[in-house]
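Peer 1: this one's sequence-less:
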């Protein structure tokens with residue numbers, strides 16, 4: 001992999017802040033966009049801007065073709081059975097809310113149990129809490145250990161015939177932990193439960209085959225995969241989607257409307273009410289092609305090298321404590337530094353042109369588990385370099401000296 005060639009694809013990286021070259025290490029929050037994605041979105045607005053599916057003129061036909069071509073690209077990337085299983089949403093968060101509202105309201109009742117993990121993003125906690133409040137179901141939590149790994153014995157003991165759904169993050173945004181989802185899906189299915197996997201962090205780093213996993217619902221967001229913001233996908237088994245009621249009502253999810261009755265559209269359009277983020281979906285497809293061009297195996301190997309390099313630095317850095325040291329993890333280095341609040345760290349590092357994330361990372365229960373108010377988080381992508389890791393630790397040395 002030629003990292004400098006890859007970096008040349010990302011125009012935002014070639015700038016200075018405070019007279020220093022930008023070091024962007026906040027990829028778990030959002031990745032930067034390659035020129036091909038930017039050009040694809042711009043091309044839509046400059047040449048094909050039109051609504052889709054309903055127009056018979058040339059612009060509408062071209063926009064519709066590009067939109068549906070992206071659906072097929074994404075279907076192939078995740079190996080969904082058909083494009084009927086690929087539902088475009090505003091992101092992973094809306095995808096989870098769609099499942100909780102549509103499938104959840106129809107299938108969860110008082111006394112049922114929904115099982116999630118201690119390391120979930122708020123987006124995979126709050127919708128299930130709301131569902132349980134509506135239905136009288138019980139929310140249960142799989143604990144984790146100090147390394148940031150799930151307690152698999154506790155998971156097995158929590159499963160029962162009352163478990164109707166398991167919601168589990170594929171890769172933790174706060175810790176980098178990669179969970180054993182294949183094993184967890186099999187165990188959940190053995191008691192009759194459905195499984196939703198939050199793949200927002202994982203999908204740009206780990207190959208996902210939804211058929212091989214036999215996962216019921218898999219969700220992710222384009223903006224963490226070098227694509228535009230405001231668009232994501234729900235990939236779900238067709239048999240489940242067919243039985244689920246629509247999530248929202250309006251244009252494109254209908255075949256016919258009278259004041260007496262509405263006939264809903266076929267999949268996948270039944271769950272895509274209103275004018276979608278057409279440019280975003282088309283850009284999402286281009287981002288997937290960019291990942292495929294490089295190859296997920298090469299991406300994973302390169303990012304593993306970066307994480308190992310950063311981890312070795314962290315182990316030698318006096319006063320730094322890593323948060324999350326799972327054996328199977330990727331791309332994320334979360335830490336606290338003695339005597340310096342993570343928010344102060346974030347501000348000081350910004351003045352050194354090093355962009356990291358500081359806070360609870362929308363995973364407050366994780367912070368509560370480690371008894372810290374927040375962590376600093378450096379997260380890596382294919383365009384990062386060892387020199388940028390060096391810049392991170394040089395900035396941390398400066399911050400430590402300021403608070404000495």
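Peer 2: In hand now; what should we look at? Quick caveat, the model's predicted, so the values are computed rather than measured.
Peer 1: so what's the most centrally placed residue in the chain up against?
Peer 2: By Cα atoms, centre = their mean, the mean C-alpha position of the chain lies nearest to residue 200, the distance being 1.0 Å. For residue 200, the contact set (Cβ atoms under 8 Å, 6 or more residues apart in numbering) comprises 91, 92, 121, 123, 173, 219, 220, 221, 224, 232. C-beta coordinates here come from the backbone N, C-alpha and C atoms, glycine included.
Peer 1: Distance-wise, check it relative to residue 171.
Peer 2: 8 Å (Cβ to Cβ, to the nearest Å).
Peer 1: mind checking the end-to-end distance for stretch 377-384?
Peer 2: Taking Cα to Cα, to the nearest Å, the first and last residues of stretch 377-384 lie 15 Å apart.
Peer 1: sorry, that was for stretch 172-185
Peer 2: Start-to-end, stretch 172-185 (Cα to Cα) is 17 Å.
Peer 1: same thing with stretch 218-238?
Peer 2: Across stretch 218-238, first to last residue, Cα to Cα, it's 13 Å.
Peer 1: Name the spans of the stretch 101-250 of the chain whose pLDDT lies under the cut-off.
Peer 2: Applying pLDDT under 70 to the stretch 101-250 of the chain flags no residue at all.
Peer 1: can you map out the helices along it?
Peer 2: Along the stretch 101-250 of the chain, the segments classed as helices by DSSP state H, counting those that start in this stretch run 105-107, 126-135, 152-158, 181-190, 210-213, 238-243.
Peer 1: now the first one, how far from the chain's geometric center?
Peer 2: In terms of Cα atoms, centre = their mean, to the nearest Å, the centre of helix 105-107 is set 25 Å apart from its chain centre.
Peer 1: quick revisit: will you turn the contacts of residue 200 into JSON lines that also has neighbour count and distance to residue 286?
Peer 2: Putting the contacts of residue 200 into JSON lines (neighbours: other Cβ atoms under 10 Å; distance: Cβ to Cβ, whole Å) gives the following:
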{"residue": "91", "neighbour count": "23", "distance to residue 286": "17"}
{"residue": "92", "neighbour count": "26", "distance to residue 286": "19"}
{"residue": "121", "neighbour count": "21", "distance to residue 286": "26"}
{"residue": "123", "neighbour count": "23", "distance to residue 286": "25"}
{"residue": "173", "neighbour count": "28", "distance to residue 286": "24"}
{"residue": "219", "neighbour count": "30", "distance to residue 286": "20"}
{"residue": "220", "neighbour count": "29", "distance to residue 286": "16"}
{"residue": "221", "neighbour count": "29", "distance to residue 286": "15"}
{"residue": "224", "neighbour count": "27", "distance to residue 286": "15"}
{"residue": "232", "neighbour count": "30", "distance to residue 286": "15"}
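Peer 1: Next, format these as a markdown table and append distance to residue 387.
Peer 2: A markdown table is the format used below for the contacts of residue 200 (distance: Cβ to Cβ, whole Å):
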| residue | distance to residue 387 |
| --- | --- |
| 91 | 32 |
| 92 | 32 |
| 121 | 31 |
| 123 | 34 |
| 173 | 25 |
| 219 | 35 |
| 220 | 30 |
| 221 | 29 |
| 224 | 24 |
| 232 | 33 |
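Peer 1: CSV for the helices of the stretch 101-250 of the chain, including distance to residue 9 and mean neighbour count?
Peer 2: Converted to CSV, the helices of the stretch 101-250 of the chain look like this (distance: least, Cβ to Cβ, whole Å; neighbours: other Cβ atoms under 10 Å):
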stretch, distance to residue 9, mean neighbour count
helix 105-107, 43, 14
helix 126-135, 35, 17
helix 152-158, 40, 14
helix 181-190, 31, 17
helix 210-213, 28, 16
helix 238-243, 35, 14
